[in-house]
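Colleague: test case, fold it:
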Amino acid sequence: AIPRNHYVVIHPFSGWEFRNWNLGKFIALARKIISDLEYDVVITCEENDVSRVNKPGESIPGLHVFVSSDLGEVAELMRGAALAICNDSGPLHLAAALNVRTVGLFGPAGPALTAPSSANATYMYRRLDCSPCDQRKCVRPEQTCMSLINVDEAYAATVQTLALAANG
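Modeller: I've put the predicted structure just below:
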């Protein structure tokens, strides 16, 4: 169910393992958004990812999980969001196409290569000497480009992007 309150959508998955920011970091970011900014957070995923999001015994007030592989349903959810936070993935492009403010997290391929063109977007990216890469095998598995993005800076980008939305 889509929350009635103002909410932020987080889509923590992508088609490539190395494009994914750590799910634990997404959950930590969701907790900060809920507690500090008083937004509900909706995590979107497909059925095969729901067990990774719903941990037994862990219930976070204000955190909702929206399970769907129907693009129309996801678009309806996105339309009502104050912000969408996504890895470099289809849902990021969908949110941008719907003119929803976005925070995009990029790693193997930088935003200059694959990001949607949007005036309502903030992109986080750590360019490394191996960027862009083929995304099939990481040459830095102990410290991937996505792991270099931390929760505090993602939260700061969230606050900044929400403030831009409030001011115009």
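
Colleague: look up how far residue 14 lies from the closest residue to residue 67 other than its chain neighbours.
Modeller: Leaving aside its chain neighbours, residue 67 sits nearest to residue 50 (5.1 Å; criterion: CB to CB, 6 or more residues apart in numbering). Every C-beta, even on glycine, is put in place using the N, C-alpha and C of the backbone. From residue 50 across to residue 14, the span is 16 Å (CB to CB, to the nearest Å).

Colleague: more neighbours: which of those two?
Modeller: The neighbour count for residue 50 versus residue 14, taken as other CB atoms under 10 Å, is higher for residue 14 (22 against 13).

Colleague: my guess is that one meets residue 21, correct?
Modeller: No: Residue 14 lies out of contact with residue 21 (CB atoms under 8 Å); the separation is 9.1 Å.

Colleague: find residues that contact each of the two.
Modeller: Residues touching both residue 14 and residue 21 by CB atoms under 8 Å, 6 or more residues apart in numbering: residue 87.

Colleague: for this structure, give me the ranges with low pLDDT.
Modeller: Applying pLDDT under 70 to the chain flags residues 1-5, 55-57, 135, 165-168.

Colleague: run through the helices of it in chain order.
Modeller: Under the criterion DSSP state H, the chain contains helices at 23-32, 50-53, 71-79, 90-97, 111-114, 151-166.

Colleague: so which of those helices is the most packed in?
Modeller: Mean neighbour count (mean count of other CB atoms under 10 Å) peaks for helix 90-97 among the helices of the chain, with a mean of 21.

Colleague: check the offset of that one from the chain's centre.
Modeller: 11 Å (CA atoms, centre = their mean, to the nearest Å).

Colleague: now for it, which elements pack on it?
Modeller: strand 7-11, helix 71-79, strand 83-87, strand 102-106 (3 or more CB pairs under 8 Å, 6 or more residues apart in numbering; DSSP states H and E).
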